[in-house]
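In: Provide a 3D model corresponding to the input given below.
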Amino acid sequence: MSERVLRGTRLGAASYETDDTVEVAERRWIPYDCPNGHHFSLPLSVEAQFPLVWECRFCGAEALRVDADRPEPKRVKPARTHWDMLLERRSIADLEEVLAERLAVLRARGGVEAAGGPGPTRRKSA
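Out: Purely as a prediction, here's the structure:
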């Protein structure tokens, strides 16, 4: 077993590559102001597009870039309800007709009284 052990090196623990040939991208410090009074700056690449808002590193609120105006909020589509989807497929007159048919079926079975209210309820005996 001692023949297979590499001595004097830790495989994968350290890089033997130097940073001599690496060119670091030019950076610019972009200041942000938080609505809670915090002020911080981020180092971003000069080639990058600087975001207008950034999450505050102190409180998590939405901080605004110092030299920018607040962006307009995105338009949000209202949520479609089941009623909206139903109205896409049928008209009110169709729905009233279906309701009348279903009420007739229930009244024939004795589930709904003729007056339109619910029929008598049964109580379970204890």
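
In: Domain-wise, how is the protein divided?
Out: The record's domain split for the chain, according to automatic domain parsing, is 27-65, 78-113.

In: How far away from the center of its chain is the shortest one?
Out: Here domain 78-113 shows a centroid-to-chain-centroid distance of 34 Å under the convention C-alpha atoms, centre = their mean, to the nearest Å.

In: out of the domains of the chain, deepest packed?
Out: Most buried of the domains of the chain by mean neighbour count (mean count of other C-beta atoms under 10 Å) is domain 27-65; its value is a mean of 14. For the C-beta atoms, the positions are set from N, CA and C on the backbone; glycine is no exception.

In: returning to what we had before: any chance of the domains of the chain in a markdown table with distance to Glu17 and mean pLDDT as columns?
Out: Below are those laid out as a markdown table (distance: least, C-beta to C-beta, whole Å; pLDDT from 0 to 100):
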| stretch | distance to Glu17 | mean pLDDT |
| --- | --- | --- |
| domain 27-65 | 22 | 92 |
| domain 78-113 | 53 | 91 |
